[in-house]
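Undergrad: Sequence first, predicted coordinates after that:
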Amino acid sequence: MKKLVSLLLVLMLAVGCVGFAGAEAGKIKLVVWSFTNELQGMIEKYYLPNHPELDIEFQIYPTDGSAYTTKVDNLLGSNATSAEAPDIFTLEAAFVKHYVEMDWTGDLKSIGFTDEELATAFPVMAQIGQNAAGVQKGLSWQSTPGVLMYRASLAEKYLGVTSPEEMQAKVADWDTFLETAQELKEKSEGACKMVIGSGDIWNAYQYQRSEGWVVDGKLVIDDELLDFEELCYTLEQDDLTHKGGAWSEPWFAGMRGELETLCYFLPTWGLHYTLKPNCVAGWDAENPDSEENIKNATENGTYGDWRIVDGPVAYSWGGTWMGINAAKAATADDAKKAAMHDLIYFFTLNEDFLVQYAADSGDFVGSAKAVETILANGGTPNPFLGGQDHYAIFANAAALANGSLMSEYDDTINGLWNDYVTTPYTKGEKDLDTCLTEFKAAVAAAITTITVE
Amino acid sequence: MQSSKTLQTGGTSAPRTKHKSISYSKWGYIFIAPFFITFLIFQLYPIFFTFRTSLTDAVGWEKVLNNSIIGFDNFHQLFDSSSTVYGKFWGALGNTMIMWFFNFVPQLGLALILASWFTDTRIHLKMQGFFKVTIFMPNIITAATIGMLFMSLFSFPIGPVNTFVQTSGISNMPVEYFRSVAWSRGLISFIQWWMWCGNTMIIMIAGISGINPSLFEAALVDGCSSRQIFWKITLPLIKPILIYNLTTSLVGGLTMFDIPHMMTQGNPNETTNTVARFIYTQGFTGSRNFNMASAASVVLFGIIIIGSLLIRFVLNDHEPKPGKALAKGVK
């Protein structure tokens, strides 16, 4: 028995060693780091078959608990040119600004990107991928405009709304949004709520600001944020929500229709990866398009009942940018630079690929030109949305959202704003002035490099 | 190598030739080397690095290796009541002490009672192994997992506990446990207690088992009650174990991080923020204030040393007593 076990261990070790064998000779080696296996899957499916000269080493660190950023920071800060350091690394919305502001992340023009190429990206995604001086350091293969998704059956039952146009008029701005929420409470006698929780509207509402959190090294509390607090306060105190948080059990129960909820603020990925797989209990993730699955989801869930409208404000939520390691790009030879450029260009801006990828995955891509082509080809009627074309509405939001509001401290400051202002104020624990004072003190303690007045 | 051999053989076997005695001591050194090498690289060096960083202006990753020494400014801020971090640091220390106290007192009490029951020859409990394993079990599970478990158990507005409370008629409204200071702190203390009680109990049992049985027999013959045996014999003789437990628990309690971090993130209103979470948020969020995080770590280090010395000083008897002499004889 023991011999068998040790034999197995030896075998496993041997297999492990083979797995670690070095780069194959004559190939261009690229190290790609990411926090999910999404990019690896895309590269292996669409890119590597046509590029046998590439030897790509993938490294995946889950973002949970900031493991990925710590890893990147450590390596780029101490040993950026080592063999294990990434050539290309992906950046998500929470920390993309942090990296594009750093010298470690290279200028995309240094590996051969031209202004004409960059101009085809959606402005909001391009803006987020730029540092304060306007240098383009990151490009996103998706753009992630956000919209308002609502359930047509509930809208008709309680509000008498029969088309997305009518619905849009009911949520054209935040005042009408609140009025609709009150009307909904009245007509449904409190059974159906406008949103799961007031926190759900933050991702959209923050794009209502005219200035970001930090302007010229100073903390700015935009007046719109105070209106946001009043809106959330009314929503909470008047019992217009189910009082649940995003990603909580009630949030998903609302998607399945178990908890009557009219609206969700979700971006492109939220439609395909969050709302759709959660529209029914027992969604078949292996065969999502099978007849049985769709039938089950339509009869027992909310499949086909959703529609999307622009909502009160155009916003963007999420996105994954590709950035390059400045130190390694500087020492790379021309062939390698070209390989890096071609890879990033292919996934973020190559029109032919993006049109095909959008058709394969239903994702909303990052190139405005590719989106135009898709719309010109007749769009993408979506049975999940009762035949509505999601591309047209997403394209509208993508063109309007203002990416220049984002700053590298957003992740921290948004968290503090929620903990010190939104939660205590809307739950009626403290008055707004106390909350604001405590918030400022918390920002001053957390971020010593900006001025707080 | 040469010198160590000379040392080994030097005194007793000087007349013999070197080759006759074989020294195995180098194997000893080789076998303990991995520990010391890892310790030097991964513990001692980072400790000195932290001390150094606490004296610098290292804000942000760019400055971790590339900074300049600015003296004791960071420490000054931690002790200056007008600075931005003063209230947060000392507030966090207060929270930590409160949560540690309500974890430790019941933990020590229950562990002592259980340990004395398990070792009591008169009670002679059946199925001891089963009970010990069950009580020790929570300690095996990762703290993060338990944090997540309790977070979902007590989640609002829908969660197992809320559903139970509503269906059983205790309350008709769901309770938001993690917005209540008492509930949040209480749950954290409870989890710490629940996780570490078994561990303390096992150490106590080991301590009590180490006492010479003839002492208990003598006490029984003299007609002592169980209570008298516990207070007059068991407790004085396991004092070194008590000091050990108290000290390790102080170190663990003051560096408490995972449960509050997973479950409450310091909420509501910073009342469950611990010193370790303060250090984490300084170092790994916002502008990455590694200097302040290091300074706070050094201050925490100082507090722990003072606390440990205090425990030793208070619990150790300095005058020789019969009990002390006995304990030494037994140990």
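TA: Yep, that arrived. Because the structure is a prediction, the values reported are computed rather than measured. Numbers count the residues shown, from 1 in each chain, chains lettered A, B, ... in the order given.
Undergrad: and A:Gln356, what are its phi and psi?
TA: Dihedral pair for A:Gln356: phi -70, psi -40, per degrees, to the nearest 10.
Undergrad: Tell me who's in contact with it.
TA: Contacts for A:Gln356 were tallied using CB atoms under 8 Å, 6 or more residues apart in numbering or on different chains; there are none. C-beta coordinates here come from the backbone N, C-alpha and C atoms, glycine included.
Undergrad: what residue is smack in the middle of the chain?
TA: Using chain A. Residue closest to the average C-alpha location in chain A (CA atoms, centre = their mean): A:Gly318, at 1.7 Å.
Undergrad: Let me rephrase: I mean chain B.
TA: Short answer for chain B (CA atoms, centre = their mean): B:Gly252, at 2.4 Å.
Undergrad: re the thing from before, what residues are up against the residue nearest to the centre of chain A?
TA: Taking CB under 8 Å, 6+ apart as the test, what A:Gly318 contacts is A:92-93, A:142, A:144, A:267, A:269.
Undergrad: For the residue in chain A that chain B sits nearest to, which non-adjacent residue is spatially closest?
TA: For chain A and chain B, the shortest gap (CB to the nearest CB) falls at A:Ala446, measuring 3.3 Å. Closest residue to A:Ala446 in three dimensions, ignoring its sequence neighbours and counting by CB to CB, 6 or more residues apart in numbering or on different chains: B:Gly286, at 3.3 Å.
Undergrad: Can you get me a residue count around that neighbour?
TA: A count of neighbours around B:Gly286, defined by other CB atoms under 10 Å in any protein chain shown, yields 25.
Undergrad: Which phi and psi values does it adopt?
TA: According to degrees, to the nearest 10, B:Gly286 has phi 60, psi -130.
Undergrad: low pLDDT regions in chain B?
TA: Filtered on pLDDT under 70, chain B yields the residue ranges B:1-20, B:317-331.
Undergrad: For chain A, what's its nearest residue on it.
TA: For chain B, CB to the nearest CB, closest residue to chain A: B:Gly286, 3.3 Å.
Undergrad: which residues sit in contact with that residue?
TA: Here B:Gly286 is in contact with A:409, A:412, A:443, A:446-448 (CB under 8 Å, 6+ apart).
Undergrad: now with 10 Å?
TA: Contact analysis of B:Gly286 by CB atoms under 10 Å, 6 or more residues apart in numbering or on different chains lists A:409, A:411-413, A:415-416, A:442-450, B:59-60.
Undergrad: so how far is B:Ser184 from it?
TA: 23 Å (CB to CB, to the nearest Å).
Undergrad: cool, and A:Gln127?
TA: 40 Å.
Undergrad: likewise B:Ser21?
TA: Counting by CB to CB - B:Ser21 and B:Ser184 are separated by 66 Å.
Undergrad: The two: who's more crowded?
TA: Applying other CB under 10 Å to B:Ser21 and B:Ser184 shows that B:Ser184 carries more neighbours, namely 24 against 12.
Undergrad: Which of the residues in the helix or strand containing that one are classified as buried?
TA: Using DSSP states H and E, B:Ser184 sits in helix B:181-209. Within helix B:181-209, the residues scored as buried using 16 or more other CB atoms under 10 Å in any protein chain shown are B:183-185, B:187-205, B:207-208.
Undergrad: so how far is that helix off the chain centroid?
TA: 11 Å (CA atoms, centre = their mean, to the nearest Å).
Undergrad: hmm, that helix touching chain A?
TA: No. Figure legend: helix B:181-209 not in contact with chain A (CB under 10 Å from any CB of the partner chain); closest approach 10.6 Å.
Undergrad: Counting by contacts, list what that helix packs against.
TA: Here helix B:181-209 touches helix B:86-119, helix B:128-136, helix B:143-153, helix B:235-237, helix B:239-254, helix B:258-263, going by 3 or more CB pairs under 10 Å, 6 or more residues apart in numbering or on different chains; DSSP states H and E.
Undergrad: name the helices or strands packed onto the fourth one?
TA: With contacts taken as 3+ CB pairs under 10 Å, 6+ apart, helix B:235-237 sits against helix B:181-209, helix B:322-330.
Undergrad: and these as a markdown table, adding distance to B:Ala296?
TA: Below are the helices and strands packed on helix B:235-237 laid out as a markdown table (distance: least, CB to CB, whole Å):
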| stretch | distance to B:Ala296 |
| --- | --- |
| helix B:181-209 | 20 |
| helix B:322-330 | 39 |
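Undergrad: Need the three-state assignment for A:Leu266.
TA: strand (DSSP: H, G, I helix; E, B strand; the rest coil).
Undergrad: what's the burial count for the closest residue to it other than its chain neighbours?
TA: Spatial nearest neighbour of A:Leu266, excluding adjacent residues (CB to CB, 6+ apart): A:Met149 at 5.4 Å. When neighbours are counted by other CB under 10 Å, A:Met149 registers 23.
Undergrad: Is it correct that A:Met149 falls within a strand?
TA: Yes. Counting by three-state DSSP, A:Met149 is found in a strand.
Undergrad: ok, it - contacts?
TA: Per CB under 10 Å, 6+ apart, neighbours of A:Met149: A:255, A:262-267, A:270-271, A:274-275, A:306-309, A:311, A:385, A:390.
Undergrad: And the pLDDT for it?
TA: On pLDDT, A:Met149 comes in at 95.
Undergrad: Name the residues of stretch A:168-187 that come out as buried.
TA: A:168, A:170-171, A:174, A:177-178, A:180-181, A:184-185.
Undergrad: Stretch A:222-238 now?
TA: By neighbour count with 16+ other CB under 10 Å, stretch A:222-238 contains the buried residues A:222, A:224-225, A:228-229, A:231-233, A:235-236.
Undergrad: So which of the residues you listed are in strands?
TA: Using DSSP state E to define strands, no part of the buried residues of stretch A:222-238 is located there.
Undergrad: Dump these into a markdown table; add distance to B:Phe130 as well.
TA: Compiled in a markdown table, those are given as follows (distance: CB to CB, whole Å):
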| residue | distance to B:Phe130 |
| --- | --- |
| A:Asp222 | 62 |
| A:Glu224 | 62 |
| A:Leu225 | 58 |
| A:Phe228 | 56 |
| A:Glu229 | 55 |
| A:Leu231 | 57 |
| A:Cys232 | 52 |
| A:Tyr233 | 54 |
| A:Leu235 | 52 |
| A:Glu236 | 49 |
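Undergrad: What is the host helix or strand of B:Glu217 packed up against?
TA: In this structure, B:Glu217 sits in helix B:213-221 according to DSSP H and E. Using 3+ CB pairs under 10 Å, 6+ apart as the contact test, the elements touching helix B:213-221 are helix B:226-229, helix B:322-330.
Undergrad: ok, residues contacting the shortest one?
TA: Helix B:226-229 is contacted from outside by B:116-117, B:120, B:122-123, B:215-216, B:219-220, B:222, B:234-235, using CB under 10 Å, 6+ apart.
Undergrad: between the residues you listed, which has the most around it?
TA: Neighbour max across the contacts of helix B:226-229 (other CB under 10 Å) = B:Thr234, 22 neighbours.
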